[in-house]
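1. following is a predicted model, sequence given first.
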Amino acid sequence: MYKQYIGGKMIDGQGKPLAVYNPATNEVIDYVSAATAAQAVEALEICQETFKTWSKVPVAQRIQWMYKLRDAVLAE
């Protein structure tokens, strides 16, 4: 089961499991535990705080971080 990425950590969602579908076949390929309302609020608060510094990072550097994130996702 997939986890939530909140505050730089992979954590289990405390909500109900949600099916993840392959869009080409509509087949269920896995499940993710949904975040609770409290976890969503926590994630939003972290995002608001992080935006203060992230928005000051030069665009070219942010792009490199996004490529690293993409590579990590594809490696899974």
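-> Done, it's in.

2. how about the helix or strand where V41 lies: buried residues?
-> Assigned by DSSP states H and E, V41 belongs to helix 37-54. Residues of helix 37-54 classed as buried by neighbour count (16 or more other Cβ atoms under 10 Å): 39, 42-43. For glycine as for every other residue, the C-beta is placed from the backbone atoms N, C-alpha and C.

3. doesn't I29 lie inside a strand?
-> Yes - checked against DSSP: H, G, I helix; E, B strand; the rest coil, I29 lies within a strand.

4. need the pLDDT of the closest residue to it other than its chain neighbours.
-> Once flanking residues are discounted, I29 sits nearest to N22: 5.0 Å by Cβ to Cβ, 6 or more residues apart in numbering. On the pLDDT scale, N22 is placed at 96.

5. next up, phi/psi of N22, please.
-> Phi and psi for N22, reported as degrees, to the nearest 10, are phi -80, psi 120.

6. can you tell me how far it sits from D30?
-> 10 Å (Cβ to Cβ, to the nearest Å).

7. which elements pack onto the lowest-mean-pLDDT helix or strand in the chain?
-> For the chain, the helix or strand with the lowest mean confidence is strand 4-6, at a mean of 87 (criterion: mean pLDDT, DSSP states H and E). Where contact means 3 or more Cβ pairs under 8 Å, 6 or more residues apart in numbering; DSSP states H and E, strand 4-6 is packed against strand 9-11, helix 37-54.

8. I appreciate the help and will end here.
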